[in-house]
Structures are given as structure tokens and as C-alpha cells.
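Q: Pasting a predicted model and its sequence here:
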Amino acid sequence: MHHVTEWANGGPTSTDNGVLVCWYHHRNLDANDWHIRMIDGLPEVLAPPWIDPQQRWRQARPPLRATHMRNRQEPQRQRERQQRT
């Protein structure tokens, strides 16, 4: 878990102050000038200026594969719900 506000800077150790990232991104977020903030419990990311010169905060989203897999499983879930009723 990546602390949005580092514990050493007064950030709480709780899920409200954390986002799940892989090991690589956890180690490289700060080193590569990426920033994360929480707005209403949802993470937003700010890319470094060399990626986004306009410096716009963007909502984080699940990886495309996770979304793709969820969409593939939805018809099966609908069939299962229909069978239960």
C-alpha cells in the first residue's frame, strides 16, 4: 500500500490514506515526480510535467485488463442471478 500522505509527514496509517499499487510503482512514484491525492475516498494522480504539461489531476482507474475481465464476467453473473430467482 502506498501512503498518500507519508506517515513521517503526519499521514495516518489507514486505508483512507492509502492506494494499492504494485511494488514497482510504489517504489518509483515519488522518484519520478508522480503525485497522488485522495478526493472523497478516491485516488487522483498527477503525472510529471514531461508527461502532462498542463498538470491536470486525473481520477485513477482500474487497469484495463481488470475492467475487461469484469465486463467478460458480467453475462455469467446475470445468468446466475436469473437462475436464483
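A: Looks like it arrived, so ask away.
Q: what about the strands in this protein?
A: With DSSP state E, the ranges of strands along the chain come out as 2-3, 18-19, 35-39, 42-46, 58-59.
Q: As CSV, the ones you listed with mean pLDDT would be great.
A: As requested, those are exported to CSV (pLDDT from 0 to 100):
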stretch, mean pLDDT
strand 2-3, 84
strand 18-19, 85
strand 35-39, 88
strand 42-46, 89
strand 58-59, 90
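Q: give me the low-pLDDT residue ranges for this protein?
A: Where the chain drops to pLDDT under 70, the residues are 62-78, 85.
Q: now, of the strands of the chain, which is deepest in the fold?
A: Of all the strands of the chain, strand 18-19 carries the top mean neighbour count, a mean of 19, counting by mean count of other C-beta atoms under 10 Å. C-beta coordinates here come from the backbone N, C-alpha and C atoms, glycine included.
Q: For that one, which strands pair with it and how are they oriented?
A: strand 2-3 (antiparallel) (DSSP bridges).
Q: Name the surrounding residues that touch the strand it pairs with.
A: 11, 13, 17-21, 25-26, 29, 36 (C-beta atoms under 8 Å, 6 or more residues apart in numbering).
Q: Just send the strands of the chain back as JSON lines, with distance to Arg84 too.
A: Shown next, in JSON lines, are those (distance: least, C-beta to C-beta, whole Å):
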{"stretch": "strand 2-3", "distance to Arg84": "39"}
{"stretch": "strand 18-19", "distance to Arg84": "35"}
{"stretch": "strand 35-39", "distance to Arg84": "37"}
{"stretch": "strand 42-46", "distance to Arg84": "32"}
{"stretch": "strand 58-59", "distance to Arg84": "34"}
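Q: Thank you, goodbye.
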